[in-house]
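Novice: need coordinates for the below:
(one chain, ligands or ions: 2)
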Amino acid sequence: MAAGGGRPPGPDSSLEPYVQTRIFKIIVIGDSNVGKTCLTFRFCGGTFPDKTEATIGVDFREKTVEIEGERIKVQVWDTAGQERFRKSMVEHYYRNVHAVVFVYDVTKMTSFTNLKMWIEECNGHAVSPLVPKVLVGNKCDLKDLIQVPSSMALKFADAHNMLLFETSAKDPKESQNVESIFMCLACRLKAQKSLLYRDVEKRPGRAQKLEQSRDAHAR
Ligand SMILES: Nc1nc2c(ncn2[C@@H]2O[C@H](COP(=O)(O)OP(=O)(O)OP(=O)(O)O)[C@@H](O)[C@H]2O)c(=O)[nH]1
Ligand SMILES: [Mg+2]
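Specialist: Ligands and ions are numbered 1, 2, ... in the order given. Model (predicted):
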């Protein structure tokens, strides 16, 4: 039986008339200086930046990944931790978000205790409980300075129904672990069939329609 309506199988996908790419919007949230920018750099660019400055508003990074034969654009929103650099942007962070990464610094207890506040902010923006969320303890390379024990972080993650990743954006040996944070979320999102195509290349009319229906869905 011929497959109706699906993408025709073929060796050269560039010949397909309609290439549909889903975009997953993942926001990275947490105190200033916990390493959000460095983590997103590590995932999207594969490196640790020599020098970073406090993020103002938001920086976008993107990486296309392939999961079970589907190309997916992971759009990472690297948000600002400092209140003065984020306050005008908060609504935009949470709008139509697909997944949330909460980051703390394992060497700074206040960045961990502040997670409560970040979770409250997220919940206050009507982010669905179905939106996957993960917890990331960063800077694990600073072994002698660790203030947040794994057991404490694990308990908190469990209580909030999140997976915990302890990692380091700096240590190249941890790069696979950083990758797995975003890949784990992308896999979970891919499994949510209800996520519509937001970026339909070569068919803008259809893309717009789907986007509208998605927005209507979200209301
Ligand atoms: N040792 C170590 N330092 C790190 C790591 N990740 C980030 N840093 C350092 O921590 C500092 C802050 O990193 P950023 O990524 O800019 O922090 P941020 O969370 O984006 O901060 P805001 O943009 O102000 O919200 C920088 O000096 C980084 O070099 C890590 O895994 N290990
Ligand atoms: Mg930053």
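Novice: hey, where'd the helices end up in the chain?
Specialist: 36-45, 83-86, 90-94, 109-113, 115-124, 150-159, 175-191, 204-218 (DSSP state H).
Novice: how far off centre is the third one?
Specialist: In terms of CA atoms, centre = their mean, to the nearest Å, the gap separating the centre of helix 90-94 from the centre of its chain is 14 Å.
Novice: and it, what does it pack against?
Specialist: Helix 90-94 makes packing contacts with strand 19-29 when contacts are defined by 3 or more CB pairs under 8 Å, 6 or more residues apart in numbering; DSSP states H and E. In this view, the C-beta of every residue, glycine as well, is placed from N, C-alpha and C.
Novice: what's the burial count for the closest residue to Leu39 other than its chain neighbours?
Specialist: Spatial nearest neighbour of Leu39, chain neighbours left out: Ala169 (4.5 Å); criterion: CB to CB, 6 or more residues apart in numbering. Ala169: 28 surrounding residues under other CB atoms under 10 Å.
Novice: try the one 5 residues further on
Specialist: When neighbours are defined as other CB under 10 Å, Glu174 has 19 of them.
Novice: circling back: list the contacts of the residue nearest to Leu39.
Specialist: Gly35, Cys38, Leu39, Phe41, Arg42, Phe48, Asn138, Lys139, Val178 (CB atoms under 8 Å, 6 or more residues apart in numbering).
Novice: could you redo the last one with a cut-off of 7 Å?
Specialist: Residues counted as contacts of Ala169 (CB atoms under 7 Å, 6 or more residues apart in numbering) are Gly35, Cys38, Leu39, Arg42, Phe48, Asn138, Val178.
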